[in-house]
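Asker: Next comes the sequence, and after it the predicted model I'd like to discuss.
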Amino acid sequence: MNMQNERKVELQNLCLQFRNELVDLLHSIQTGHPGGSLSCMEIVTTLYCEKMNIDPKNPKMEGRDRFVLSKGHAAPALYLVLAELGFFPKEELKTLRQINSNLQGHPCVHKTSGIELSTGPLGLGLSAGLGMALADKLKGNNAYTYVVLGDGEIQEGAVWEGALSASKFKADNLIAFLDNNGVQLDGTLEEIMPMGDLKAKWASFGWNVLDCDGHDVESISDAVDEAKKCKGKPTIIIAKTVKGKGISFMEGKNTWHGKAINDEDYRNAKAELGGAC
Ligand SMILES: Cc1ncc(C[n+]2csc(CCOP(=O)(O)OP(=O)(O)O)c2C)c(N)n1
Ligand SMILES: [Mg+2]
């Protein structure tokens, strides 16, 4: 319970603003991934706006903290936060998913200021993030790498190779978030491929395992503080989330994984979020 109430309200309002902007953007381009973007909104916002040592004016600053959106389809959530912080002009958001735009449907390290790793093919972010964390250790940088994983994503075998390596190399500057919304592209995890006891699985791979409410900015912030206290092990924070969070008819529905928002759904979503169309 370390966050001032005023700051908590600021961050919550920012997330509401991002949800409104997300719906505007995805409606305007008639494509994109609403469900997974809404699910990780508080995690990405809290990390970037509260926890990470970064400088939008100097995105390659030596010793900065790193962020890897391993579930790359949630790129719009990340773009909204990066634009708000000034990594690139907010005007550019309108170019989302256009050919030659700097804002592709999935994060691209060569195009977008602030992006540390190109992602989209699921399962690669944890190992790459581990490499960044270990490089920081070699350089003597006191920096953290944060990786956000989807719960469907961790069905990929490569994730567990990364998990094994991170504990072997004692990467205590690697903090992963599991966006644990229980839903993947085609259904629930229970229907498609149950992951069983997540806490026990990660612990058995040698990780420090924490949990948090993934839609509560204070709970997320506290979990990061707790993770930083753990020495000699990487940490995974299992964040309880809701896919499509904030828009009732999208919540918990795999059908909203990657569906265009039509005019009627747009009006209903905006009415719920309290924003003007
Ligand atoms: C290797 C790979 N296989 C399949 C896909 C297609 N795909 C994109 S998102 C997704 C579901 C991801 O579910 P989850 O990780 O739970 O994400 P979230 O619920 O947070 O949106 C799939 C199968 C992909 N991007 N990469
Ligand atoms: Mg999921």
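Answerer: Perfect, thanks for sending it. Ligands and ions are numbered 1, 2, ... in the order given.
Asker: mind listing what's buried in stretch 68-88?
Answerer: 68-85, 87-88 (16 or more other C-beta atoms under 10 Å). Any C-beta I mention is one placed from the backbone N, CA and C, and that applies to glycine too.
Asker: actually stretch 227-247, sorry about that
Answerer: Quick answer for stretch 227-247 (16+ other C-beta under 10 Å): 227, 233-247.
Asker: I'd like to know the average pLDDT value across it.
Answerer: Mean pLDDT, computed over stretch 227-247, is 98.
Asker: how long is it from one end to the other?
Answerer: End-to-end distance for stretch 227-247: 31 Å, by C-alpha to C-alpha, to the nearest Å.
Asker: Please list the members of the buried residues of stretch 68-88 that lie in helices.
Answerer: Among the buried residues of stretch 68-88, DSSP state H puts 75-85 in helices.
Asker: In TSV, list these along with distance to ligand 2.
Answerer: Formatted as TSV, those follow (distance: C-beta to the ion, whole Å):
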residue	distance to ligand 2
A75	15
P76	16
A77	14
L78	16
Y79	20
L80	20
V81	20
L82	22
A83	25
E84	25
L85	26
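Asker: ok, so of those residues, who is nearest D265?
Answerer: P76 (16.3 Å; C-beta to C-beta).
Asker: From ligand 1, how far off is the closest one?
Answerer: 12 Å (C-beta to the nearest ligand atom, to the nearest Å).
Asker: try G35
Answerer: G35 is 6 Å from ligand 1, by C-beta to the nearest ligand atom.
Asker: One more: G275?
Answerer: 23 Å.
Asker: for that residue, what are its contacts?
Answerer: In this structure, G275 makes contact with 20, 23-24, judged by C-beta atoms under 8 Å, 6 or more residues apart in numbering.
Asker: tell me which of those is nearest to D213?
Answerer: Nearest to D213 among the contacts of G275 is N20, at 21.8 Å by C-beta to C-beta.
Asker: With that, I have no additional questions.
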